[in-house]
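In: No sequence on hand, only this structure:
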C-alpha cells in the first residue's frame, strides 16, 4: 500500500494537543475519518465493535477524526464546543480529534477518492497505513480488520 498518515497538529475534544501520527497511543491504531456531519451514523455503526475490540486488545487504540476544511478554523471553538457538548462520554471526547486542514490534499495523501463515505484505516506506530476499508460496518470488514491486526502486532 505504501501510504503514510500525514503529519498534522490538532487537539481532541478535551483540549489535549496531538502531533499526528506519532501521538496515536496504540502499537496499532484504528482511524475513522468522516468528512460530513451526516456520516456520524456510519461511525456509530463501528463503535460497539471497536469499543469491545480495544478492550480485548490493549495494544490497539482507535480515534474518530472529523475532518473539516481549514476555512472552519476560525470557528473551531464553536464547532468543537458543539461536538463536546453533544458527546457526554469523556472517553469518546478524548478519542475525537477534529482536523482542520486542506481536505483535498489530505485525501490525496491518503489515497481517499472522495468524501461520500467514511474511511477506516489501520496504521502502525510509524503512521503507515496497513489496512483500510470504507463505509458501513459489516461482519466481513470486522473479520478482515481482526486478521490485519493479528498479522501486524509485534
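Out: Received, thanks. Everything numeric in this text was worked out from a predicted model, so none of it was measured.

In: Quick one: distance of stretch 65-80 to the chain centre.
Out: 16 Å (Cα atoms, centre = their mean, to the nearest Å).

In: Quick check: end-to-end length of that stretch?
Out: This stretch, stretch 65-80, spans 12 Å end to end (Cα to Cα, to the nearest Å).

In: List the contacts of it.
Out: 13, 31-35, 83, 96-103, 106 (Cβ atoms under 8 Å, 6 or more residues apart in numbering). Every C-beta, even on glycine, is put in place using the N, C-alpha and C of the backbone.

In: And for stretch 25-38?
Out: 5, 21, 24, 40, 42-43, 46, 50, 53-54, 59-67, 103, 110, 112, 115, 118-125, 130, 145, 149, 152-154.

In: continuing past the helix or strand bottoming out on mean pLDDT in the chain, what's the next helix or strand?
Out: The weakest-scoring helix or strand in the chain, judged by mean pLDDT, DSSP states H and E, is helix 76-86 (a mean of 89). The element immediately downstream of helix 76-86 (helix or strand, assigned by DSSP states H and E) is helix 90-95.

In: ok, residue 42 to residue 106 distance?
Out: Shown here: residue 42 relative to residue 106, a distance of 18 Å by Cβ to Cβ, to the nearest Å.

In: swap that for residue 37, please
Out: 17 Å.

In: Look at the two and report which has more neighbours.
Out: Legend: neighbour count by other Cβ atoms under 10 Å for residue 37 and residue 106, higher for residue 106 (20 against 10).

In: Could you name the helices and strands sitting against the top helix by length along the chain?
Out: In the chain, assigned by DSSP state H, the helix with the most residues is helix 40-56. Packing partners of helix 40-56 (3 or more Cβ pairs under 8 Å, 6 or more residues apart in numbering; DSSP states H and E): strand 28-34, strand 60-69, helix 139-152.

In: Buried residues in the second one, which are they?
Out: Just to be clear, that refers to strand 60-69. 60-68 (16 or more other Cβ atoms under 10 Å).

In: now, among those residues, which is nearest to residue 87?
Out: residue 64 (9.5 Å; Cβ to Cβ).

In: who does the helix or strand containing residue 123 pair up with?
Out: Per DSSP H and E: residue 123 is located in strand 119-124. Using DSSP bridges, strand 119-124 pairs in its sheet with strand 28-34 (antiparallel), strand 129-134 (antiparallel).
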